[in-house]
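**Q** fold the following.
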Amino acid sequence: MSEPANTARRAAPTALTPEPSRREEQRAKLGLALIVAGLLGILWGVFHVLNALPTAEKLDFAHRMTDHQARKSVHESFPGGLLRALCGLGIALWGGRVRGAALRALGRADD
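**A** Numbers count the residues shown, from 1 in each chain. Next up is the predicted model:
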């Protein structure tokens, strides 16, 4: 007596085939690269604001900036630095999501 076709058991996949596994490994590496790029974007935003501060040449008495001038230059550069840092944060978070999804697909994520 044979089983009806609608009750036939299907074997559950126990491991990924090599092609999807390689694809997920590449996605995990892409996620890591995006995280690094995002961190570099955050640093770019921080250094953009720090660049507005007086340099060592301007620290001597003859070339010093007043407090008002230093604050004004930092405040003028702050929106650009904030935009760069927030873009970097977004890229880093996106990379974290890509990497997390790839590692979950590979079964190596700690949820």
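**Q** give the contact list for the residue nearest to G31 when sequence neighbours are not counted.
**A** Excluding its sequence neighbours, the residue lying closest to G31 (CB to CB, 6 or more residues apart in numbering) is R99, at 2.7 Å. Yep, even glycine has a C-beta here, placed from its N, CA and C like the rest. Applying CB atoms under 8 Å, 6 or more residues apart in numbering, we find R99 in contact with 27-28, 30-32, 34-35.
**Q** name the secondary structure element that contains R99.
**A** For R99, the host element (DSSP states H and E) is helix 67-106.
**Q** where's the residue nearest to N51 when sequence neighbours are not counted relative to A85, distance?
**A** Leaving aside its sequence neighbours, N51 sits nearest to S77 (CB to CB, 6+ apart; 7.0 Å). The gap separating S77 from A85 is 12 Å, by CB to CB, to the nearest Å.
**Q** what's the spacing between the spatially most central residue of the chain and A70?
**A** For the chain, A92 is the residue whose C-alpha lies nearest the centre (CA atoms, centre = their mean; 1.3 Å). According to CB to CB, A92 and A70 sit 30 Å apart.
**Q** ok, back up a step: what sits against the residue nearest to N51?
**A** Per CB under 8 Å, 6+ apart, neighbours of S77: 48-49, 51-52.
**Q** pLDDT-wise, what's the bottom of those?
**A** Within the set of the contacts of S77, pLDDT is lowest for A52 (83).
**Q** residue contacts, that one?
**A** 73-74, 76-77.
**Q** distance to S21 for these - can I get that in CSV?
**A** Converted to CSV, those look like this (distance: CB to CB, whole Å):
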residue, distance to S21
S73, 53
V74, 50
E76, 51
S77, 46
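**Q** which one of those residues sits closest to H63?
**A** S73 (14.0 Å; CB to CB).
**Q** neighbours of that closest one, just the number please.
**A** 16 (other CB atoms under 10 Å).
**Q** and the gap between it and G45?
**A** With CB to CB as the criterion, S73 and G45 are 16 Å apart.
**Q** quick check: A28 vs R108, distance?
**A** 9 Å.
**Q** of those two, which one has the most company?
**A** A28 (20 against 10).
**Q** tell me the contacts of the more buried one?
**A** 98-99, 102-103, 106.
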